[in-house]
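Undergrad: A structural model of the following input is requested.
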Amino acid sequence: DGLAVVPWGGGVGLARAAAPARYDLALDLAALDGIAAYEPDDLTVTAGGGTTLAALRAAVAAHGQELPLEAPRAERATLGGVLAANASGPRRLRLGAPRDRVLGGRFLLGDGTLVRSGGRVVKNVAGYALHRLLCGSRGGLGVLLEATVKLEPAPARRVALLFGAGPRTLADAARWAALAALEPAALSVVGDRLGGALPVSSPTDPFTLVVGLEDDEARVDEQAAALARLLGDPDARLEGDSVAELWQALADVEDREGAVLAFTGAGEPAAALAPLLDGPDRAPFLLHAPAGRLHVFPRAEEAASVAERLSRAGLVLIEANGVATPAGPGPTLRAGALCAGTLRAGALPAQ
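TA: Here you go, the predicted model:
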């Protein structure tokens with residue numbers, strides 16, 4: 001009928017997104033929930049696009065496994081919405097982007113054609129991986145009805161160490177390189193006015209450095225000892241389920257009211273953060289260093305100047321929510337990650 005259809009899952013990714021050019025009909029996908037197939041031995045799960053992340057996590061956790069997708073508001077965010085938004089959290093480098101995890105799916109095209117792509121097994125090479133095109137498409141290419149994703153075994157041990165940090169610590173490029181060499185599961189910096197989003201925070205330092213360790217017992221102890229030599233004793237230490245709650249709290253920070261700017265880019269975190277560390281009007285921010293993601297939360301009237309300063313620091317604006325796009329075309333998107341150090345096969349492509 002020529003109507004403009006907007007797919008709607010949990011409403012998390014679209015709540016602050018720019019309004020579409022046309023919007024005639026909302027297609028609510030909440031009823032497409034439930035697990036269609038779960039193979040613990042194969043580490044795969046197939047579920048409807050309207051299934052929430054919280055429901056999927058609970059189902060696979062009973063088998064000692066983990067759903068390797070992260071997004072704000074897991075109790076509302078749906079599998080289809082997370083894939084369509086290309087959502088990620090503090091462990092994006094460790095877990096991979098959504099397109100790295102989806103094995104196949106069923107989706108609906110604008111003319112009503114039902115398409116199946118990929119399969120339900122890891123070693124599937126049949127046809128083109130059209131399902132990966134939907135990751136990040138925000139519903140513009142089709143409506144994701146069902147998807148199969150790869151799971152991960154839950155790590156033997158989870159530890160999160162939180163350190164209070166000042167501008168001098170975060171401006172030390174050599175320290176960042178040493179942190180990256182430890183290959184933590186997560187390495188995030190939380191700006192001073194976002195400290196309330198964490199279950200614990202430093203009472204005196206303006207910023208909080210969060211380091212996540214997920215591995216076997218011996219490796220976690222080795223990494224923790226190296227961190228103590230590098231940064232001193234942590235202000236707080238979390239283990240087990242409390243760490244998973246912390247990862248979700250960090251993902252939830254992105255779902256703030258007001259202006260939200262998301263950046264990616266290559267280079268050292270020290271250089272990327274320099275425009276945000278000093279001055280009375282510094283904007284709150286959240287950096288996931290290994291994943292190459294910087295989220296900034298400026299006042300609406302300051303969004304354009306913040307984007308310009310960070311562009312000069314070598315970052316690329318990839319999303320602007322809650323404000324009109326504050327900057328024109330920026331530098332060409334370059335492969336790389338904000339965290340310098342040993343990333344094995346080279347810099348991770350900014351996805």
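Undergrad: just the helices from the stretch 151-300 of the chain, written as ranges.
TA: For the stretch 151-300 of the chain, helices defined by DSSP state H, counting those that start in this stretch occupy the ranges 167-170, 173-181, 217-231, 241-252, 269-277.
Undergrad: how big is the angle separating the last one from helix 173-181?
TA: Comparing the axes of helix 269-277 and helix 173-181 via axes from the mean of the first three to the mean of the last three Cα atoms, to 10 degrees yields an angle of 120 degrees.
Undergrad: so what touches helix 269-277?
TA: 167, 170-173, 176, 189, 191, 207, 263, 265, 282-283, 285, 287, 289, 294, 296, 306, 309-310, 312-315, 338-340 (Cβ atoms under 8 Å, 6 or more residues apart in numbering). Backbone N, C-alpha and C define where each C-beta goes, glycine included.
Undergrad: can you check the pLDDT for residue 155?
TA: If you check residue 155, the pLDDT there is 89.
Undergrad: identify the residues contacting the residue nearest to it when sequence neighbours are not counted.
TA: Leaving aside its sequence neighbours, residue 155 sits nearest to residue 214 (Cβ to Cβ, 6 or more residues apart in numbering; 4.0 Å). Contact analysis of residue 214 by Cβ under 8 Å, 6+ apart lists 91, 94, 155, 157-159, 185, 220, 243.
Undergrad: what bits of the chain have low per-residue confidence?
TA: The model of the chain has pLDDT under 70 over residues 14-18, 120-127, 193-197, 199-203, 266-267, 279-281, 324-351.
Undergrad: so which residues make contact with the host helix or strand of residue 149?
TA: Take DSSP states H and E as the rule and residue 149 turns out to sit in strand 143-150. Outside strand 143-150, the residues that touch it by Cβ under 8 Å, 6+ apart are 5, 7, 27, 29, 32, 36-37, 43-49, 67-69, 79-80, 83-84, 101-108, 114, 118-120, 122, 131, 134.
Undergrad: which of the residues in it are buried?
TA: 143-150 (16 or more other Cβ atoms under 10 Å).
Undergrad: may I have it as CSV, with CA atoms only?
TA: The C-alpha coordinates for strand 143-150 follow below in CSV (Å, rounded to 0.1, in the frame of the first residue of the first chain):
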residue,chain,number,x,y,z
VAL,A,143,12.1,-6.8,9.7
LEU,A,144,14.1,-9.4,11.7
LEU,A,145,11.7,-12.1,12.7
GLU,A,146,14.0,-14.7,14.1
ALA,A,147,17.8,-15.1,14.6
THR,A,148,20.4,-17.7,15.6
VAL,A,149,23.4,-16.5,17.5
LYS,A,150,26.6,-18.1,18.8
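Undergrad: pairing partners for that strand, with directions?
TA: Its sheet considered, strand 143-150 pairs with strand 44-48 (antiparallel), strand 102-108 (antiparallel) by DSSP bridges.
Undergrad: same list (those strands) but as TSV, adding mean neighbour count.
TA: Output for these, formatted as TSV (neighbours: other Cβ atoms under 10 Å):
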stretch	mean neighbour count
strand 44-48	22
strand 102-108	23
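Undergrad: circling back to that earlier point, any idea how far the strand holding residue 149 is from the middle of the chain?
TA: Relative to the chain's own centre, strand 143-150 is displaced by 18 Å; criterion: Cα atoms, centre = their mean, to the nearest Å.
Undergrad: same thing with stretch 150-162?
TA: Taking mean C-alpha positions (Cα atoms, centre = their mean), stretch 150-162 and its chain are 16 Å apart.
Undergrad: ok, back up a step: quick one, which of the helices of the stretch 151-300 of the chain gets closest to residue 258.
TA: helix 241-252 (14.8 Å; Cβ to Cβ).
Undergrad: output the contacting helices and strands for the closest one.
TA: Judged by 3 or more Cβ pairs under 8 Å, 6 or more residues apart in numbering; DSSP states H and E, helix 241-252 is in contact with strand 157-165, strand 186-190, strand 207-215.
Undergrad: can we see that at 6 Å?
TA: strand 157-165 (3 or more Cβ pairs under 6 Å, 6 or more residues apart in numbering; DSSP states H and E).
Undergrad: quick one: the strand it packs on to helix 173-181, angle?
TA: 170 degrees.
Undergrad: quick one, strand 157-165 and helix 241-252 angle?
TA: Using the same axes, to 10 degrees: strand 157-165 against helix 241-252 is 60 degrees.
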